[in-house]
Every structure is written in C-alpha cells, then in structure tokens.
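**Student:** Need coordinates for the below:
(chains A and B)
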Amino acid sequence: MLPSDRADNERNGSLMDRLTENLVRRLAGQSSRRGVLARLGAAMAAVPAFPLLPVTRASAATATPAARTVKAPSPFAAHAQAKDDTACDYWRYCAIDGYLCTSCGGGIHSCPPGTAPSPTSWIGSCFNPQDGRSYLIAYRDCCGQDACDEVNCLNTDGDQPSYRPMANNDIIWCFGTGTSEMYNCSTAAIIGSTT
Amino acid sequence: MTVSYSGACRNLFGLFLCGLVASTALSPTVAVGAEPVLQTEQSDTITLPAAGPHTILVEDAVYNHNKDGRVYVVDADHGRRLGMVQAAYNANVAQSPDGQHFYVAETTWAHGNRGQRDDLLVQYDPHTLAVLSDEKLPARALVTPKKNDLAISADGGRAYVYVMSPTNGVEVIDTHNHTVEQTVEVPGCALAYPWGNSGFSSLCADGTLANVSIGTDGKASLTHSAPFFVPDRDGVLEHSPGTHDGHMWFITDSGMVYPVKLGATDEIGTPWSLQQGAGMPVASDARAPFDVAWRPGGWQLAALHASSGELYVLMHRGTFWTHKEDGTEVWVFDTNTHKRVRRIPLPAASPIVGVTQDDHPLMFTSDEAGDLHILDARSGKLQRTMKHLGTDLVFTVAPGE
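**Tutor:** This next block holds a predicted model:
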C-alpha cells in the first residue's frame, strides 16, 4: 500500500467497521437463532431453481474479449509501440534506464552470453498498446561485463528516487549474481498483469 | 675550357657535389637571431597553486565504459584542464569545505571486470593530485552516481558513504585517522545530507527524514521527522541543494520547494512553488501526468549560491514523469522572496547546473557532447565552452559549496 493511500483507507476502514457493527447488532437484536437457520435452509433449497447458464456464458465470453477502447495511463504509454523491442519506445521500456539487452546479444528477458541475470530487480508498470492492459515489468540487469554501449534508453514512467529502491531505475541490481556486479545491459521481463 | 654541368656530374664525386649544391639551392632558408643554444631539460610534474574560487572539479562518469570514470580539475577562468584523477565505476567526488582535500569514493575489481572487489575512499592532495589515503571501505552503493552518496561534515573531519548491500546504511569515516568509525543503519532511507560536524540526514521511502546524530561517545542516535512529502505523488529530488550547516531546499518532481533545517530536531518550512515564483500556475503532480508545464529536471538539477541565497534550477517544458529530462533554461530564485529573479536560456540542453560560491560567480552547464559551458552566473552570458571535456559530465564541485 502506498503511504498516500493509508490515511484514506484508515478513514474508510473505520467507517465500514462502524456500519458493519451497527448492521450486525440490529440483526442480532431482531432475529432468533432458529429463525436464521430456517431462512438459510430455505435459501439453500432454492439455489438449484435459479438458472446458472447466463453466468456461465458471461464467464466464457471473457476468453475472447471484444475490441475496447482504453486510455493510455501516461504520456510514454500514449506513444509507445509493440513491434520493435530494440527501440526505446517499445512499450515494456516505459521506465528502463540503460542499454537494451536486445541490442547486446541478449533478448527481452535474456542476458547476453558471458553475463548473468540479477535475481532481484525493481518493478515497473507498463501499458501494452496492443491489448490495452498494463503489466508488471521486472527490469533485471545482466551482470559481469562492462557497459554494452549499444542502444541506450532513459524512460522514467513511475521512476522514483533511490530512497524508494523498488521503483528506482538508477540502482545496479547485480546483487548475488556470482559475477563482479558490473552492469552490462537491461532486460524487461513480464511478471504479471495489473489489469 | 668550359665544363658543362652535366659533364661534371657524371662521375661519383661530382654527383655528390652536384647533389649538395642542388639541395642547398632548393632548401628554404630561415632567418635566425643570435639565440642561445637550448638547454637540456629534466622531466618533472606540475604542482598546482592554491585553488581559486573558479577552480572546480568535474566528474565524468563515462557511462559507456563505466569502470573508466574520472574527475577533472578545471580552471574555469581560462577554460583549461589542469589535471585528472581516476573515479572508477559510478564514483562520487566531494571536497572538504576548507578546500584542503578532495575525496573520491570508487569501486574497482582486481582483474577489470572480475576478481576481488575493492570499495575505496581516496583522499587527494589538491595541489599534487597525489593519493594521501587509499582507504578500503566495507561496501558502497553501486548506483548511477548521486551526489549525496558521499558527503563531508562541515569541519571536514568525517566522510559519509551511503551503502546498499542491499540493506540501507551510511558508513561514517574519520578522515584524520582514515578509519571507518561505524556503519549506521537507516532502514528504508537513502543518501546522506550532512549537517554540522556530527550529523547527517537521509531521505526515506515514507516521506520522512531519518536524522542521525553522532554523540561525543561515538554512538549514533536516529530520529524521524514527520512525513512532509508524498513520494508516489510528488517525490523530493535527490539532487536538491543545501549548505554544510544543514539548510536544504528540497525540490519535488512538480517543482515545489521544501525549505528544511536539518538536525536532530529538524525544522520543515512551508513549501513554495517554482512556477508560482515565476508567475505561473502550480504544475501538476503524478495524479495529472499529462499536464504540460515548465518543470525541474536533469541530473545535478539545482545549485545554491549560499551567500546570496540564490537557487539555480534547470527547467524544461514537459509532462509529469520527465524529471530526468535535460533543462533548456536555468531559473534563478531568491530563496527569501521565493520569486524568480533571472531566467537564463542555455546554449544547449543540459543535465547539470553548477555555480561557484564567490561574489562573481560562474555557472556551469553541459550537453550531450560532453562540452562544459561556462557562463557568468549573474548576466547569464556565455564566457567560454570547453569542447568535449568528457563523455558524461555528471557533477561539478566548486570550492566551498
């Protein structure tokens, strides 16, 4: 949870607590234990009578989503492309800082030979213009050789200072790679969907 | 009897004489004065005179072969490079407030890209550029250089080195004995902003400051300020400037300025807006990322001229999330009135701005080509450009800053 959300949630939480408490107290005051059991039993008996098909169809429909219009969440996303992963405006690179491994003998989630991927990384959230979804991207460094010095990118969507290391694109993440912790290039692996 | 030229040159001796005559006739002649014969010379090494207010240090990170970083000593009055020292692998440079020494924190490996790693704090003599101390550190943070990864106390007696290995801490080094006194853990916080002779503060992920006091017994105690900024909406920029006694002007991504007096009990002042100081609306934060406005940005994106209280900030027009974009102008603010007093268009978009601390200050900017532009800080007039001084000029350090 972000600190800015904490105060709002605490306020909402206490309101919800009060409402729930009032509702439960009112119910408890107006109903007997036997009455509750009788109503629960009746409801369970009635469940098979409700047709489930529409729900099933709705669920099946999500497998092939219809075309939809989604607003890009950031200026970078509004101009990002999904075809060329050797260019800085490729959608996964919304917060990358460094040399693209795709131009250094590696791939979008692969390190060039002679280097090793960092087990830890910082995480960005990037918008894919092709499917309109946002994805969590792990910007894992490839380590063990000096700078690759090919395509160099500096994108800063969601980039925060080093006092927020989980969102900072300046830190060399080569901890524990078994190499010299020298930075060679950056990858951008999908690790989940945010939408 | 007449002897023809061709006839005289037929035998070997004649050929030699004729060649001599011909070469003498064709050679250019040089009029020379009655100069004394040049004397033989002994090789020696220059010793630099005491640094003037315009003798600065410039760090070149050389990102494209990062282990070869360096620091240049530059005479900004004449645009001359006076010398250089190594500053390997995302190094940092800092100068003692009295100018007696400067320090480089750097990292090397025994065999270039492998072998034993050494994190070092190197103390230099500013006249000879000789290494006075080559102290091995327990660790240092490997990160694109942030100025406050290395800081010096007001009396020059302590150096602070930020470590992230990967827990967050600050190594406290006695610069007289060349020993690491201790490593102070600052969980969830980063960097070191010094105040006085025995304290520093770090910026924290929850929008607070961690204030560390080192007692006369050597023990460190830590307090936290109240949260004063919201990092995920409008974070404080790491390269915000301040003074050795702990007066800081923390600038945010959107252009708010928090005046803060660092200390065990810090004082956080009322924030003011760079844009409002220039007669413009306040710029948006992360909640409205598409809004275009003049915004602060770059790497060493601000500098303070302490005696006049003038704050120099690199500005560009852009949306939110452009906080590392090079500045096209420098805006100068009076930190007392919060008003913009000058607006300086730059010869080229720059990632850095620096300023000397004397009464006739010079201002420094750079560009993509690694040029160093030297301007009159008061008039904004370009004095000179040092073409391709380096590759990636990330910091300037002026005496007394």
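**Student:** use CA for all of it now, contacts and neighbours both
**Tutor:** OK.
**Student:** And for B:Asp245, the neighbour number?
**Tutor:** 17 (other Cα atoms under 10 Å in any protein chain shown).
**Student:** Sticking with it, tell me its helix or strand.
**Tutor:** Using DSSP states H and E, B:Asp245 sits within no helix or strand.
**Student:** how about it, what does it touch?
**Tutor:** Neighbouring residues of B:Asp245 by Cα atoms under 8 Å, 6 or more residues apart in numbering or on different chains: B:154, B:194-196.
**Student:** Relative to B:Leu262, how far out is it?
**Tutor:** To B:Leu262, B:Asp245 is 8 Å away according to Cα to Cα, to the nearest Å.
**Student:** overlap in contacts of those two?
**Tutor:** In contact with both B:Asp245 and B:Leu262: B:Trp195, using Cα under 8 Å, 6+ apart.
**Student:** Now A:Ser74: closest residue in space that isn't a chain neighbour?
**Tutor:** Leaving out its chain neighbours, the residue that sits closest to A:Ser74 by Cα to Cα, 6 or more residues apart in numbering or on different chains is B:Pro289, at 6.2 Å.
**Student:** same question, B:Glu401
**Tutor:** Nearest non-adjacent residue to B:Glu401, counting by Cα to Cα, 6+ apart: B:Gln357, 6.4 Å away.
**Student:** Now do the SS call for the one you found.
**Tutor:** Here B:Gln357 is recorded as coil under DSSP: H, G, I helix; E, B strand; the rest coil.
**Student:** That one against B:Ile56, yeah?
**Tutor:** No: applying Cα atoms under 8 Å as the test, B:Gln357 and B:Ile56 come out as separate, 10.9 Å apart.
**Student:** between these two, which one's more packed in?
**Tutor:** Using other Cα under 10 Å, the more surrounded residue of B:Gln357 and B:Ile56 is B:Ile56, with 23 against 20.
**Student:** What distance do you get for that one to A:Leu154?
**Tutor:** From B:Ile56 to A:Leu154 the distance is 28 Å (Cα to Cα).
**Student:** Look up phi and psi at the residue nearest to B:Glu401.
**Tutor:** Here is the backbone geometry of B:Gln357 (degrees, to the nearest 10): phi -110, psi 10.
**Student:** Please apply the same query to A:Ser134.
**Tutor:** Taking degrees, to the nearest 10, you get phi -100, psi 140 for the backbone angles of A:Ser134.
**Student:** what pairs with it across the strands?
**Tutor:** A:Ser134 has these beta-bridge partners by DSSP bridges: A:Phe127.
**Student:** Can you check the pLDDT for it?
**Tutor:** Predicted confidence (pLDDT) at A:Ser134: the value is 96.
**Student:** if I look at it, how far off is chain B?
**Tutor:** Taking Cα to the nearest Cα, to the nearest Å as the measure, A:Ser134 falls 16 Å from chain B.
**Student:** Could you pull up the residues touching the closest residue to chain B within chain A?
**Tutor:** The nearest approach of chain A to chain B comes at A:Ile171, 4.3 Å away (Cα to the nearest Cα). Applying Cα under 8 Å, 6+ apart to A:Ile171 gives the contacts A:162, A:165, B:142-144.
**Student:** okay, and for chain B, where does confidence drop off?
**Tutor:** Within chain B, the ranges that satisfy pLDDT under 70 run B:1-28.
**Student:** And the helices in it, which stretches?
**Tutor:** Along chain B, the segments classed as helices by DSSP state H run B:5-8, B:12-26, B:231-234, B:274-277.
**Student:** In strands, which of the contacts of A:Ile171 fall?
**Tutor:** If you go by DSSP state E, the contacts of A:Ile171 have nothing in strands.
**Student:** for stretch B:127-138, how far is the first residue from the last?
**Tutor:** Start-to-end span of stretch B:127-138 (Cα to Cα) is 29 Å.
**Student:** now that stretch: how far from the chain's centre is it?
**Tutor:** On the basis of Cα atoms, centre = their mean, to the nearest Å, stretch B:127-138 sits 18 Å off its chain's mean C-alpha point.
**Student:** Also stretch B:232-243?
**Tutor:** Centre-to-centre, stretch B:232-243 and its host chain are 17 Å apart (Cα atoms, centre = their mean).
**Student:** how about the residues of chain A that lie near chain B?
**Tutor:** A:2-4, A:74-75, A:144-149, A:156-164, A:170-172, A:175, A:179-180, A:182 (Cα under 8 Å from any Cα of the partner chain).
**Student:** now the residues you listed: which count as buried?
**Tutor:** Listed as buried from the residues of chain A next to chain B are A:74-75, A:144-149, A:156-164, A:170-172, A:175, A:179-180, A:182; burial here means 16 or more other Cα atoms under 10 Å in any protein chain shown.
**Student:** Of those residues, which belong to helices?
**Tutor:** Short answer: these in helices (DSSP H) are A:Pro75.
**Student:** List the buried residues for stretch B:206-224?
**Tutor:** B:206-214, B:220, B:222, B:224.
**Student:** need the residues of chain B near chain A, please.
**Tutor:** Going by Cα under 8 Å from any Cα, the residues of chain B near chain A are B:63-67, B:109, B:113-115, B:117, B:142-144, B:165-166, B:188-191, B:203-206, B:230-233, B:235-238, B:289-290, B:319, B:321-324.
**Student:** now what about the lengthiest strand in chain B, what contacts it?
**Tutor:** Ordering each strand of chain B by length in residues (DSSP E) puts strand B:339-350 first. Applying Cα under 8 Å, 6+ apart, the external contacts of strand B:339-350 come out as B:274, B:276-278, B:298, B:314, B:326-334, B:365-368, B:373, B:380, B:382.
**Student:** Pairing partners for B:Ala210 in the sheet, please.
**Tutor:** Here B:Ala210, judged by DSSP bridges, has bridge partners B:Ser202, B:His224.
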